[in-house]
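# build me a structure from this.
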Amino acid sequence: MRKGKTLSTISWLIFVLAILTLLSCIMFSKIEVSGVSMNPTLKSGEYGITDNFTYRIFGVHRFDIITIELDDKTIVKRVVGLPGEKLYYDVDGLHVDGHLIEEDFIDESMIKKTITNTPLCTTGVTLGEDEYYVLGDNRSNSTDSRYIGPIKAEQIKSRGFIIYGDTGSRFRLPRFIGW
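A predicted model of the protein is given here:
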């Protein structure tokens, strides 16, 4: 009698673990940050876990860090413009629908480095109903919507969730991003 109950408990635990593993594979992805376009927020070589699921329910918000599928590769950028918005960038910073929006995650020198000879800084950009405007935090060294244009909602793969270490350090406590 005891042996049958133990076997049943073990079978149940294996089933639960299998379901949890399957759900975690569907809901989360592991990424490695490559490149300097998101410095200082994310550094090349850091690892992270992204949320593949809940952003589809709750949406993508301004300043979320997202992963984007672009030409068979995945890039990491920050959302600055949402569907239907009119964006403009000048020496004062980011303007959305005529209102100056503070970007407190970058230092002031990056605001000046955002100014480029692109529509965002010359005529402004109006986003379509399924378009997002993304920028790297390292504005002087980022291939982003200023050069590739707005991204479509279906190009968004996941939203940043947690960064938990990098290849150059021993161990660092996890830090949450994008929420």
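
# quick one, strands of the chain?
Assigned by DSSP state E, the chain shows strands spanning 28-32, 46-51, 65-70, 73-81, 86-90, 93-96, 99-101, 125-126, 131-135, 151-152, 156-166, 175-176.

# for the longest one, name the packing helices and strands.
Meaning strand 156-166. strand 28-32, strand 46-51, helix 54-58, strand 65-70, strand 175-176 (3 or more CB pairs under 8 Å, 6 or more residues apart in numbering; DSSP states H and E). (C-beta placed from N, C-alpha, C; glycine too.)

# tell me what the third one is packed against?
Identification of packing neighbours for helix 54-58 by 3+ CB pairs under 8 Å, 6+ apart yields strand 156-166.

# pretty sure residue 82 contacts residue 127?
Yes - the pair residue 82 and residue 127 qualifies as a contact (CB atoms under 8 Å) at a distance of 7.0 Å.

# ok so, going back, possible to save the strands of the chain as CSV with mean neighbour count, distance to residue 144 and mean pLDDT?
Below are those laid out as CSV (neighbours: other CB atoms under 10 Å; distance: least, CB to CB, whole Å; pLDDT from 0 to 100):
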stretch, mean neighbour count, distance to residue 144, mean pLDDT
strand 28-32, 15, 17, 84
strand 46-51, 20, 18, 85
strand 65-70, 20, 10, 91
strand 73-81, 21, 6, 93
strand 86-90, 19, 12, 95
strand 93-96, 18, 13, 95
strand 99-101, 11, 16, 96
strand 125-126, 18, 12, 98
strand 131-135, 24, 5, 97
strand 151-152, 18, 9, 96
strand 156-166, 20, 14, 81
strand 175-176, 10, 23, 52
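
# any chance of CSV for those strands, columns distance to residue 111?
Shown next, in CSV, are those (distance: least, CB to CB, whole Å):
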stretch, distance to residue 111
strand 28-32, 27
strand 46-51, 24
strand 65-70, 19
strand 73-81, 12
strand 86-90, 8
strand 93-96, 5
strand 99-101, 11
strand 125-126, 17
strand 131-135, 11
strand 151-152, 22
strand 156-166, 22
strand 175-176, 24
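
# which among those is found nearest to residue 108?
Within the strands of the chain, the stretch nearest residue 108 is strand 93-96; the backing value is 8.8 Å (CB to CB).

# quick one: strands adjacent to the closest one?
Using DSSP bridges, the strands paired with strand 93-96 are strand 86-90 (antiparallel), strand 99-101 (antiparallel).

# any idea what the residue nearest the centre of the chain is bridged to?
Among the residues of the chain, the one closest to the centroid is residue 66, at 1.7 Å (CA atoms, centre = their mean). Beta-bridge partners for residue 66, by DSSP bridges, are residue 77, residue 159.
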